[in-house]
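Participant: sequence and predicted structure below; questions after.
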Amino acid sequence: MQGLLRIHMSAYYDTMDKGVATVMILTPAGMGIDRITSPPHSNYTYSVQKSVLAGIDMEESFDFSQIMIPYNFTEFIHDLTYLVKKNFIPMKRIDDAVGRILLVKFTLGLFENPLADLSLTNEVGSQAHRNLAREVVRKSLILLKNGNDSVLPLPKKVSKILVASSHADNLGYQCDGWTIAWQGFSGNNYTSGTFSST
């Protein structure tokens, strides 16, 4: 546990010191609460209780104002209501979660200006945006080594590099989640893009 905290927490501390208001809890394919138990969703009431008491105000997904759930939000509401009524989760904890979420929304001005500014709609997908997206991809790509220390780092001048994997020519996999669909998709049919050798 100390190793995980040492390696992964430093970035969170730095961003919180700089004033970030929220931290998103990411899990593969969303529905992180389901994965508290093994197998996932085997004791959902327990998972709801543990996640809320641990301090999660918003879980990474959709549709519910505190802990966002993409599909089974009625089950979540039922279980949370039961846990609060039976005092397994104190009402004070719910007030705390709602208060923090409302504070962020007030700070962002969402109550005064709840709708998006549409004046820049025509700029979406502009060449400047595409250039920036390409730069972000170039700077964030990671090349993993395959057990041969003599291979990396690559020479600055190399004639050919073979990129081979299920993601090599799959725009959906390369775009990942929140680009076209909230959990991403597979294939090249839902968006256009350019594969570049540079």
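Facilitator: In hand now; what should we look at?

Participant: show me what the longest helix along the chain is packed up against.
Facilitator: In terms of residue count, the longest helix belonging to the chain (DSSP state H) is helix 91-108. The criterion is 3 or more C-beta pairs under 8 Å, 6 or more residues apart in numbering; DSSP states H and E, and the helices and strands that helix 91-108 contacts are helix 44-53. Just so you know, the C-beta spots here come from the backbone N, C-alpha and C atoms, and that holds for glycine as well.

Participant: packing partners of the helix it packs on?
Facilitator: Using 3+ C-beta pairs under 8 Å, 6+ apart as the contact definition, the elements that helix 44-53 packs against are helix 73-85, helix 91-108.

Participant: need the contact partners of that helix.
Facilitator: Contacts of helix 44-53 with the rest of the structure, by C-beta atoms under 8 Å, 6 or more residues apart in numbering, involve 32-34, 36-37, 41, 59, 67, 72, 75-76, 79-80, 82-83, 88-89, 93-94, 97.

Participant: what's the angle from that helix to helix 91-108?
Facilitator: Our comparison of helix 44-53 with helix 91-108, counting by axes from the mean of the first three to the mean of the last three C-alpha atoms, to 10 degrees, yields an angle of 60 degrees.

Participant: dump the C-alpha coordinates for helix 44-53 into PDB.
Facilitator: Once side chains and other backbone atoms are set aside, the C-alpha atoms of helix 44-53 remain, and they are given as PDB (Å, rounded to 0.1, in the frame of the first residue of the first chain):
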ATOM      1  CA  TYR A  44     -24.100  -4.300  -4.400                       C
ATOM      2  CA  THR A  45     -25.600  -2.900  -1.100                       C
ATOM      3  CA  TYR A  46     -22.200  -3.500   0.600                       C
ATOM      4  CA  SER A  47     -20.500  -1.800  -2.300                       C
ATOM      5  CA  VAL A  48     -22.700   1.300  -2.100                       C
ATOM      6  CA  GLN A  49     -22.200   1.600   1.600                       C
ATOM      7  CA  LYS A  50     -18.400   1.200   1.400                       C
ATOM      8  CA  SER A  51     -18.000   3.700  -1.400                       C
ATOM      9  CA  VAL A  52     -20.200   6.400   0.100                       C
ATOM     10  CA  LEU A  53     -18.600   6.000   3.500                       C
END
